[in-house]
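K.L.:
What follows is a predicted structure for the sequence shown.
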Amino acid sequence: DAGITQSPRYKITETGRQVTLMCHQTWSHSYMFWYRQDLGHGLRLIYYSAAADITDKGEVPDGYVVSRSKTENFPLTLESATRSQTSVYFCASRPDTLPNQPQHFGDGTRLSIL
Amino acid sequence: AQSVAQPEDQVNVAEGNPLTVKCTYSVSGNPYLFWYVQYPNRGLQFLLKYITGDNLVKGSYGFEAEFNKSQTSFHLKKPSALVSDSALYFCAVRDTRNAGNMLTFGGGTRLMVKP
């Protein structure tokens, strides 16, 4: 089915480990986004991408790395996980036809860092 | 800079009563405004948007929102609440002068509709 899928849905890891969260969309949307959701902060943008091989920092990029070699995939990597990165992570996409188009969200990855 | 505020962490209403979830924004240009809803363990779902034109915007599931430029507000409304409307609601804004494509989200308002 068309849509945006995130994997894994749940992940537990330890501080210092590297972890990669996957995001895949089937719409061929140009724009993709990574957010984290924390109580009291709403959603905060980590990184976004306007197209394959084009990425840019959002509000809270420190400690994260992204890549976009293919339009449909936008993985997010925590190179050395810290407890402060425990959060729920959401991937989103939108077409580039008009800047006022809404974003479409995946169902999130709940990440716990022990 | 663009920002958005949702002044209420939670709104409680009785089923069948009208509901309002408040949102105010700040932009230097003109705003694109959005409302999203989030159900437990799910991503955000788009409800409605204001781009330009009529100040009253109608969206999914019977929701509507009123854009008020002088008060810089975009409150979400529904004439008759359902228990199934209970969820987390987010307002978001993008400044048309923002060369990037970032949306700024409010902190969210939890809507509780009681039977």
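P.N.:
Looks like it arrived, so ask away.
K.L.:
Point me to the residue sitting closest to the centre of chain A.
P.N.:
Nearest residue to the geometric centre of chain A (CA atoms, centre = their mean): A:W34, 2.9 Å.
K.L.:
Tell me what that one is bridged to.
P.N.:
A:Y47, A:C91 (DSSP bridges).
K.L.:
what number of residues lie near the nearest residue to B:D85 once chain neighbours are set aside?
P.N.:
The shortest distance from B:D85 to any residue other than its chain neighbours is 5.2 Å, reached at B:V113 (CB to CB, 6 or more residues apart in numbering or on different chains). Glycine gets a C-beta too; all of them are placed from N, C-alpha and C. For B:V113, the neighbour count with other CB atoms under 10 Å in any protein chain shown is 20.
K.L.:
B:V113 contacts B:S86, correct?
P.N.:
Yes - using CB atoms under 8 Å, B:V113 makes contact with B:S86 at a distance of 4.9 Å.
K.L.:
Spell out which residues of chain B are next to chain A.
P.N.:
Residues of chain B lying near chain A by CB under 8 Å from any CB of the partner chain: B:32, B:34, B:36, B:41-46, B:49, B:51, B:90, B:94, B:100-103, B:105-108.
K.L.:
that older thread, just to confirm, which helix or strand has the residue nearest to B:D85 in it?
P.N.:
Remark: B:V113 resides in strand B:109-114, with elements defined by DSSP states H and E.
K.L.:
That'll do, ta.
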